[in-house]
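S.K.: Here's a sequence, model it:
(one chain, ligands or ions: 1)
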Amino acid sequence: MVKVITYGTFDLFHEGHYRLLQRAKELGDYLIVGVTTEAYDKTRGKLNVVDSLVTRIENIRKTGFADEIIIEESQGQKVNDIRKFHIDIFAIGSDWVGAFDYLKDYCEVVYLERTKNISSTMLRAQNSPIQRIGIIGTGRIAARFIPEARLVSGVSTQGVYNPHTESAERFAERWEINAYASLEEFYGAVDAVYIASPHETHYGYIRDALAHGKHVLCEKPMVLQKGQAEELFSYAKEKGLILFEGIKTAYCPGFHKLLGIACSGTIGSIRNVEACFTKLENVANRELTDRVYGGSFTELGSYVMLPIFKIFGKEFSEIRFDTIHDEKGLDIFTRACFRFPTGIATATCGLGVKSEGRLLVAGTKGYVVAEAPWWKTSYFEVHYEDAGRVEKYSEIFLGDGLRYEISDFLSMINGNSSSEFKLTRGESVAMAEIMERFLEEER
Ligand code: CTP
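M.R.: Model prediction:
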């Protein structure tokens, strides 16, 4: 019996896929099809797959060509599969010519002519037109957004707005995008808006963008008052628009894995979460000069609250802030202590005090620990009472990591709400409430 194997994502199943499977099957007697998992596709930089793994498998099954369907979870799996299943022929489309020659040591490698004028990428573009994103603000984070957005297919960065026209023009020139002198003109040219302006301006810009019918991705902290967050979410809903808070950690694959493992029972019941993020900031920067909205907690509080709310929920019974101020009265280090029905948590952040930035999740049977920069989660460990037993996990985190949130924002715009759970509206509202309480105490 001649055994053939082929692999692919098979998103939005099309004629090219059908013809490939048909010919692969004809090469032998038994065809195995490997279908990539969502997590593996993410590590390969394929961030925009539309169909779930189950749908993609079902579509392959329906062709009747596959005798067996397996999932492909990681790089390097192919060689093992070929040995394990005693494969005679590895077949793949001609877009991969040469890429799999290394498998010739294990079996015959056949590149099948690719069907012309059809691909999942083409279908995704047809089904969901490109979203033109406009940026409000020209700071450091806005500059990080552009190269990341370029890696997500389905979006293009159209232009930038900043009330300081000169800054907008300089930024536009650097990134080869348009600068808009008026907001009306700006909204007229875009489908969605990324807001990266100073915190206190977010509310006004979000409202305005929604009023102009634009989807909004807003940098954290989205707003600084609970009432504002609630109002904006209900306004977005009423207008049929997406309003999305950009806390990048919430969307990165490693953080998900960490939450999944921490909450799986392996460390027992979780009783304590400690999250710390410090970043020594230049004293001349806005974060350490703005007496009203500057300081550590408004800048970094969203990151350290995130794992706490994800693990314990939003219903805390007590909260207490301890802050160290500099001579100008600015918050250079803050620790927020929470009490929840099932545990306690601390969210610590600093712009003027350096500490060990780590995320620690402690349970009745063990703990999960991720060292700095855990907010770009790529590695964590699980420890138990038996000090010799340590489980190590790693996950990809590419570039600045904004690509993950941009890709989830895009899929929500395109009607796929499967990533909504990563940062719920309720969690964003709860964080705005904490910001409000903190700022009230500071005053
Ligand atoms: N394939 C093909 N003809 C096409 C498209 C794909 O023969 N027009 C083949 C690929 O070469 C591969 C298999 O189908 O062997 C699965 O490819 P996949 O990457 O899932 O499909 P694409 O349409 O190429 O997807 P994308 O546009 O996301 O790269």
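S.K.: Nearest to the ligand: which residue in the stretch 151-300 of the chain?
M.R.: At 8.5 Å from the ligand, S153 is the closest residue in the stretch 151-300 of the chain, using Cβ to the nearest ligand atom. C-beta coordinates here come from the backbone N, C-alpha and C atoms, glycine included.
S.K.: Quick check: closest non-adjacent residue to that residue.
M.R.: Closest residue to S153 apart from its sequence neighbours, by Cβ to Cβ, 6 or more residues apart in numbering: N48 at 5.4 Å.
S.K.: And T266, how far from G8?
M.R.: According to Cβ to Cβ, to the nearest Å, T266 and G8 sit 33 Å apart.
S.K.: Same check on F340?
M.R.: Noted for F340: a distance of 45 Å to G8, by Cβ to Cβ.
S.K.: Which residues of the chain lie near the ligand?
M.R.: Applying Cβ under 6 Å from any ligand atom, we find that the chain lies next to the ligand at 8-11, 16-17, 20, 92-93, 95, 114-115, 118-121.
S.K.: And those, which of them are buried?
M.R.: Buried members of the residues of the chain next to the ligand, counted by 16 or more other Cβ atoms under 10 Å: 8-11, 16-17, 20, 92-93, 114-115, 118-120.
S.K.: can you tell me which of those residues are in helices?
M.R.: 16-17, 20, 120 (DSSP state H).
S.K.: Now for these: which two are most distant?
M.R.: Farthest pair in these (Cβ to Cβ) is L20 and S120. Separation: 12.2 Å.
S.K.: where do the helices sit along the stretch 201-350 of the chain?
M.R.: 202-211, 226-239, 253-262, 296-312 (DSSP state H, counting those that start in this stretch).
S.K.: re the thing from before, what pLDDT does the model give the residue of the stretch 151-300 of the chain closest to the ligand?
M.R.: We have a pLDDT of 85 for S153.
S.K.: With L27 instead?
M.R.: Reading off the model, L27 has pLDDT 98.
S.K.: cool, N48 as well?
M.R.: Note on N48: pLDDT of 84.
S.K.: show me what contacts it?
M.R.: Neighbour list for N48: 124, 152-154, 407, 410-411 [criterion: Cβ atoms under 8 Å, 6 or more residues apart in numbering].
S.K.: Please pick the buried ones from those residues.
M.R.: For the contacts of N48, buried by 16+ other Cβ under 10 Å: 124, 152, 154, 407, 410-411.
S.K.: Quick check: the residue of this structure nearest the ligand.
M.R.: G93 (1.6 Å).
S.K.: who's that residue bridged to?
M.R.: Applying DSSP bridges to G93 gives these bridge partners: L112.
S.K.: residues contacting the spatially most central residue of the chain?
M.R.: Centroid-nearest residue in the chain, with Cα atoms, centre = their mean: Y251, separated by 2.5 Å. The neighbours of Y251, taking Cβ under 8 Å, 6+ apart as the test, are 401, 404-405, 407-408, 419, 422-423.
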